[in-house]
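*Asks:* Just the structure for this:
(chains A and B)
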Amino acid sequence: MPPQMTQPATTEITYRDAMREAIRDALHRDDRVFLMGEDVGRYGGCYGVSKGLLAEFGAERIRDTPLSESGFTGAGIGAAMAGMRPIVELMTVNFSLLALDQILNTAATVRHMSGNQFGVPLVIRMATGAGRQLAAQHSHSLEGWYAHIPGIKVLAPATVEDARGMLWTALQDPDPVLIFENVMLYGMAGRLTADAGPVDIARAAVRRPGRDISLITYGGSLWKTLEAAAVLAGENIDAEVIDLRSLRPLDDATIMTSVARTRRAVIIDEGWRSGSLSAEIGMRIVEQAFWELDAPIGRVCSAEVPIPYARHLENAAIPQVPGIVAAAKAALGRV
Amino acid sequence: MTAPTDKPHLSREHMLGLLKEMIRIRRFEDKCAELYTREKIRGFLHLYDGEEAVAVGAIPVLEKRDRVVATYREHGHALVRGVPMTTVLAEMYGKQEGCSRGRGGSMHLFDRATNFYGGNAIVGGGLPMSIGLALADRMRGDDIVTACFFGEGAVAEGEFHESLNLAALWELPVLFVCENNLYAMGTALALSESETEIQRKAGCYRIASEAVDGMDVIAVEAAARRAVHAVRESRKPYFLECRTYRLRAHSMFDAQLYRDKAEVEAWRHKEPIVRFQGWLEANHMVHPEDLARIEAEVAAEIAEAVAFGEAGTWEPVEQLTRFTYAEAEG
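*Replies:* Numbers count the residues shown, from 1 in each chain, chains lettered A, B, ... in the order given. Model prediction:
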């Protein structure tokens, strides 16, 4: 990161409020933008993100939908093809599966199938992740599945800067962009500069530089990984923490540059291990940086169970700080 | 548009135009079937044989600015809408001169110039898109109608019900055109729907509707004029059920084990071209030389399309991954 000569003024803001500011900003900037989804209007959004926007922008642009994920996601596709810039909110990634046909078979394919005649400049936001004792049908992390699909882009803002800045960049994109918001981040507060605006969505970010091992993660696991890095620092292990930010496309260059320097890598991913995004990243490291490695690549993923309700079982099912620390030490032979 | 213009113009010229469009689709698809057996065309090929009166009756009623969303059985829709036969056939050849650059094939014909939004091979998949197209028009206050074609098989899909509900709830200018050809692939209507009066489903969503004999091109045109007029004036959806029949198999791979040959034969006597041509002949509105001229013109257009498809070029494999995402301008 370039050194800053003067520190600009910052204010404290929650991830939820940063996301709302991003939506408000987009609605002000561009008449074509509107928000559509279940309970986004009168209720204020099931996670409170769109609270107050209905009063400010009216029911045409803050559009409550029936419980029909496939229908209104497809409506977003059609509206985008006709020149609007819709933001579709799906309450959680679990419910997005009801719209998967529209996302995969239409949004992701239309540009290619039409020989570049039609594009789908649509943004779809949804919550993802576990940690609120909401049990299996509200707690999964399926962003890795979406990252499998050519034709869409997949973002995972982990910081208030990215919560504030990614939406506008996504709306400028001529192709469908999915934004995954980890449920545990909504209440998190952070400092944001007064002039915070659009951010680059093509590059991963090194959130903590280090020389001994690369910890590669995104979304809700970023903060656990940074905490693990602090624990490791207490044991004289200098961990580098990479926040992927974009899950499709992946920023291979940042990953490989880091791994080539630290020679060790652990991937922290709240998805299930089998067929996961972490598997993809691990394989890319093997393909591109195998000879730089001094140790096998490690992974910290969710247990291969539907996420349970009981607090202690839920905590045990998803990546936690001690597991990340243990995996990092194992990669360093410091068990 | 005012009410009197809703009636079809029963001039000889108009009649011959309708007949020619139906013959044009029929002969084109006969050629497609032949090209398929010669392996010039591959993949799934779904022919419209018997259903021509629906596209020919309905689509010309739309204005140029209106939008059309179609299914995988859309050659007829594309041709009537004005997608050039040359680029349609080149698309089926898989050539880069095709209307979708050879990336869509028979089931995914697209054409921006005529507001033709495919070509959708997911049954019911185009319905939500039509909702969004109309929503955009409604939000901007544009005087545009979106016509969405689908088969009766799509009526069993959840997306059908989600889309009708949204269209009625949000008062969207969508013309739903159900092409009820009695078979969802190989499953008869009575085996796929508890309520076989498809039109009645629209009423559950408080959408105005009409059922029409889809084998009668004049009846379809008259109904389409009423329907398009209603959508344009009210800015609300309208549901048109066209009762028709698919005379050929579902696709070129279909042995038609699910229906009797006698049933197909019986429908052959009711098919739209024979019926309309016979009526015109009985009323002395068409003469043998008219038919000869139509056949010759259609044959020439098909010959030109075949030549265009044959002469088309293969996109270099190096360009395989193009158009997955937008390319930078310039």
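*Asks:* Contact residues of the stretch 201-330 of chain B facing chain A?
*Replies:* Applying CB under 8 Å from any CB of the partner chain, we find that the stretch 201-330 of chain B lies next to chain A at B:322, B:323, B:324, B:325, B:326, B:327. Backbone N, C-alpha and C define where each C-beta goes, glycine included.
*Asks:* Quick one: residues contacting the third one.
*Replies:* With contact taken as CB atoms under 8 Å, 6 or more residues apart in numbering or on different chains, residue B:324 is in contact with A:111, A:112, A:150, A:151.
*Asks:* Assumed it was part of a strand.
*Replies:* No - read with DSSP: H, G, I helix; E, B strand; the rest coil, residue B:324 is coil and lies in no strand.
*Asks:* which residues are contacting the helix or strand containing residue A:112?
*Replies:* Using DSSP states H and E, residue A:112 sits in helix A:110-113. Helix A:110-113 is contacted from outside by A:77, A:81, A:118-120, A:151, A:175, B:100, B:103-104, B:108, B:110, B:118-119, B:323-326, using CB under 8 Å, 6+ apart.
*Asks:* show me where the stretch 151-300 of chain B has helices.
*Replies:* Applying DSSP state H, counting those that start in this stretch to the stretch 151-300 of chain B gives helices spanning B:158-169, B:189-192, B:199-204, B:217-234, B:261-268, B:272-282, B:288-311.
*Asks:* tell me which residues of the longest one are tucked away?
*Replies:* Of the residues in helix B:288-311, those buried by neighbour count under the rule 16 or more other CB atoms under 10 Å in any protein chain shown are B:290, B:291, B:294, B:298, B:301, B:302, B:305, B:306, B:308, B:309.
*Asks:* CA atoms of it as CSV?
*Replies:* Taking C-alpha atoms only, helix B:288-311 is exported to CSV below (Å, rounded to 0.1, in the frame of the first residue of the first chain):
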residue,chain,number,x,y,z
PRO,B,288,-52.7,-21.0,-59.0
GLU,B,289,-50.3,-18.4,-60.2
ASP,B,290,-50.2,-16.7,-56.8
LEU,B,291,-49.3,-20.0,-55.2
ALA,B,292,-46.6,-20.7,-57.8
ARG,B,293,-45.2,-17.2,-57.2
ILE,B,294,-45.1,-17.7,-53.5
GLU,B,295,-43.5,-21.1,-53.7
ALA,B,296,-40.9,-19.7,-56.2
GLU,B,297,-40.1,-16.7,-54.0
VAL,B,298,-39.8,-18.9,-50.9
ALA,B,299,-37.6,-21.4,-52.7
ALA,B,300,-35.3,-18.7,-53.9
GLU,B,301,-35.0,-17.2,-50.3
ILE,B,302,-34.3,-20.7,-48.9
ALA,B,303,-31.7,-21.3,-51.7
GLU,B,304,-30.0,-18.1,-50.8
ALA,B,305,-30.0,-18.9,-47.1
VAL,B,306,-28.5,-22.4,-47.7
ALA,B,307,-25.8,-20.8,-49.9
PHE,B,308,-25.2,-18.2,-47.1
GLY,B,309,-24.9,-21.0,-44.5
GLU,B,310,-22.7,-23.1,-46.7
ALA,B,311,-20.4,-20.2,-47.5
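*Asks:* Just the residues contacting that helix, thanks.
*Replies:* Contacting residues not belonging to helix B:288-311 are listed as B:16, B:19-20, B:23-24, B:27-28, B:31, B:35, B:40, B:85-90, B:92-93, B:95, B:97, B:277 [CB under 8 Å, 6+ apart].
*Asks:* hang on, the earlier thing: buried subset of the contacts of residue B:324?
*Replies:* Buried members of those, scored by 16+ other CB under 10 Å, are A:111, A:112, A:151.
*Asks:* Including pLDDT, could those go into a markdown table?
*Replies:* Below are the buried ones among the contacts of residue B:324 laid out as a markdown table (pLDDT from 0 to 100):
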| residue | pLDDT |
| --- | --- |
| A:111 | 98 |
| A:112 | 98 |
| A:151 | 98 |
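*Asks:* For residue B:135, state which of these is nearest.
*Replies:* Taking CB to CB as the measure, residue B:135 sits nearest to residue A:111 out of the buried ones among the contacts of residue B:324, at 20.5 Å.
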